[in-house]
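Colleague: give me a model of this one.
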Amino acid sequence: MALSQRWKSSRFFTGNEFPTLHQEFNNRLHLLSKKINIDIVDAQLRVEDIKIQDGLHPTLSSGRQKFENVQRQRFLQQATYLSRTTAQQQLTTIT
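Modeller: So this is what the prediction gives:
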């Protein structure tokens, strides 16, 4: 899962550093995903989808819904792909 942008400063970073760090992390994650052949899923969380208390975790309403929806879509895509691949393999084996 790609990292959503954090907006609230922490003990280690100021709020001004987060956009750059957020982008750098996701770029490195993308490169790593190509090396080890994994897919990245991005829930596209925005500031309004993040809890005010910590500025990091998704809210129970919109943030969690977006997170769960993107996971559900990804699993459906994988299931569809696997069922098509299995069906094609069975047809190839029969003929």
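Colleague: select the longest helix from the protein.
Modeller: helix 62-94 (DSSP state H).
Colleague: buried sites along it?
Modeller: 63, 66-67, 70 (16 or more other CB atoms under 10 Å). From N, CA and C alone the C-beta is placed, and that goes for glycine too.
Colleague: got any ranges where this protein has weak pLDDT?
Modeller: Along the chain, segments meeting pLDDT under 70 span 1-15, 52-57, 95.
Colleague: may I see the buried residues of the helix or strand Gln23 falls within?
Modeller: Using DSSP states H and E, Gln23 maps to helix 18-36. The neighbour-count check on helix 18-36 (16+ other CB under 10 Å) flags 18, 22, 26 as buried.
Colleague: so how far is Phe18 from Ala41?
Modeller: Slight slip there: residue 41 is Val, not Ala. Separation of Val41 from Phe18 (CB to CB, to the nearest Å) stands at 21 Å.
Colleague: repeat that for Gln77.
Modeller: 30 Å.
Colleague: coming back round to it: going by distance to Val47, which of the buried residues of helix 18-36 wins?
Modeller: Phe18 (10.7 Å; CB to CB).
Colleague: for Asp49, what are phi and psi?
Modeller: Per-residue torsions, Asp49: phi -90, psi 0 (degrees, to the nearest 10).
Colleague: hmm, I was thinking of Leu45
Modeller: The phi/psi pair for Leu45 (degrees, to the nearest 10) is phi -70, psi 140.
Colleague: tell me how many other residues crowd it.
Modeller: 23 (other CB atoms under 10 Å).
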